[in-house]
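A.B. asks: have a look at this prediction, sequence included:
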Amino acid sequence: MKVLETKNAPGAIGPYSQGFEVNGFVFTSGQIPVDPATGEAPEGIAAQAEQSCKNVGAILEAAGAGFDKVFKTTCFLADMGDFAAFNEVYAKYFTSKPARSCVAVKALPKGVLCEIEAIAAK
């Protein structure tokens, strides 16, 4: 079991890790759209989905994996009205079309509009 840590994704803001590698699998924590360089989230669902995807990608890269190895994601949206715009960005990154759950939630940390977590093979 190996804890994953990269400066290319936001650091954990609580008692958890960015991700873990276990028995050839990579598990990322949910990634909100915070730019690790500035600590800020961009405006709008498209820009936020883009940043969340980049953050997931940075953790996958730290583990020696990539988007092509992801087989399951869980996506959280603050508003299901953003579903189509979110999907448009998501589809550019998760081209292997992994199994997915996507739910609307009452609120997300820092008031962001989306969060993505992923499970990948190494």
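C.D. replies: Good, I have the coordinates.

A.B. asks: pull the distance from the top helix by length along the chain to the chain's centre.
C.D. replies: If you go by DSSP state H, the chain has its longest helix at helix 45-62. Taking CA atoms, centre = their mean, to the nearest Å, one finds helix 45-62 lying 5 Å from the centre of the chain it belongs to.

A.B. asks: what sits against Gly81?
C.D. replies: Neighbour list for Gly81: empty [criterion: CB atoms under 8 Å, 6 or more residues apart in numbering]. (Each C-beta comes from the backbone N, C-alpha and C, glycine too.)

A.B. asks: secondary structure class for it?
C.D. replies: helix (DSSP: H, G, I helix; E, B strand; the rest coil).

A.B. asks: gap between it and Ile116?
C.D. replies: As defined by CB to CB, to the nearest Å, Gly81 lies at a distance of 18 Å from Ile116.

A.B. asks: can you tell me what sits against whatever helix or strand comes next after the longest helix of the chain?
C.D. replies: With elements assigned by DSSP states H and E, the helix or strand that comes after helix 45-62 is strand 70-77. Residues from elsewhere that reach strand 70-77 (CB under 8 Å, 6+ apart): 30, 60, 83, 86, 90, 94, 96, 98-105, 108, 113-121.

A.B. asks: filter those residues down to the buried ones, PyMOL style.
C.D. replies: Remark: buried members of the contacts of strand 70-77, expressed as a PyMOL selection using 16 or more other CB atoms under 10 Å:
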select buried, resi 30+60+86+90+94+98+100+102+108+113+114+115+116+117+118+119+120
